[in-house]
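**Q** Sharing a model that was predicted from the sequence below.
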Amino acid sequence: MFRLSRLTDYGFVLLTRLAAQPTRQFAARDLAEESNLPLPTVSKLLKKLARAGLLTSARGVAGGYSLARPPERIRVSEIIAALDGPVALTMCSEADGKCSLQACCPTHSNWLVINNAVRGVLDNLTLAALARPLPQRLVTLNVRPSNPPAPAGST
């Protein structure tokens with residue numbers, strides 16, 4: 001299963017808080033309290049995000065963390081890469097040569113297509129879009145079951 005780490009999930013929680021007020025400096029302690037996350041975890045995440053160039057930090061009484069760029073210019077794929085590493089659904093999607101079966105694998109090229117599609121979606125989704133609440137109605141996908149039920153009366 002492709003799943004983001006818990007720390008990356010928490011990183012998105014923090015970043016969406018920052019995106020709500022993109023010009024404000026946030027103290028780590030305030031973000032921890034507002035997000036209901038432990039301060040050591042918040043501090044660790046903020047430092048990683050700052051090292052990746054997604055946040056700026058300032059020391060002192062009026063210091064804190066803020067977004068390095070407007071939320072419309074921060075891609076979801078950048079956030080994932082900063083916290084979990086590059087988006088790769090399979091070992092062979094991450095980098096050539098990492099999988100010993102790559103040369104004889106019949107699905108290698110298909111996984112590259114799938115991985116590129118997922119990465120493309122994440123590259124086109126911004127922090128600003130992620131920070132906007134969705135409408136209350138449920139969002140459904142147009143997905144067909146693999147074995148559709150037989151039409152009524154056909155048995």
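**A** Thanks, I have the structure now. Given the structure is predicted, the values throughout are model-derived calculations rather than measurements.
**Q** Can you list the buried residues in the lowest-mean-pLDDT helix or strand in the chain?
**A** Of all helical and strand segments in the chain, the minimum by mean pLDDT, DSSP states H and E falls on helix 91-94, at a mean of 72. Under the neighbour-count criterion of 16 or more other Cβ atoms under 10 Å, helix 91-94 has 92-93 buried. C-beta: built from backbone N, CA, C; applies to glycine.
**Q** Contacts for it next, please.
**A** Contacts to helix 91-94, defined as Cβ atoms under 8 Å, 6 or more residues apart in numbering, come from residues 86, 88, 98-99, 101-102, 105, 108, 111-112, 114-115.
**Q** May I have that helix as PDB, with CA atoms only?
**A** Output of helix 91-94 as PDB, limited to C-alpha atoms (Å, rounded to 0.1, in the frame of the first residue of the first chain):
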ATOM      1  CA  MET A  91      11.500   0.300  -6.100                       C
ATOM      2  CA  CYS A  92      12.000   0.600  -9.900                       C
ATOM      3  CA  SER A  93      10.000   3.900 -10.000                       C
ATOM      4  CA  GLU A  94      12.500   5.500  -7.600                       C
END
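**Q** And for whatever helix or strand comes next after that helix, what's in contact with it?
**A** Next along the chain after helix 91-94, taking DSSP states H and E as the criterion, comes helix 108-124. Defining contact as Cβ under 8 Å, 6+ apart, one finds that helix 108-124 is touched by 2, 75-77, 80, 87-90, 92-93, 99, 102.
**Q** how about 10 Å then?
**A** Residues external to helix 108-124 that are found in contact with it (Cβ atoms under 10 Å, 6 or more residues apart in numbering): 2, 75-81, 86-94, 96, 99, 101-102, 105, 107.
**Q** Going through the residues you listed, which ones are buried?
**A** 75-81, 87-88, 90, 92-93, 99.
**Q** what helix or strand is Leu7 on?
**A** Assigned by DSSP H and E, Leu7 falls within helix 6-20.
**Q** buried ones in the next helix or strand after that helix?
**A** Going down the chain from helix 6-20, the next helix or strand is helix 28-35, by DSSP H and E. Residues of helix 28-35 classed as buried by neighbour count (16+ other Cβ under 10 Å): 28, 31-32.
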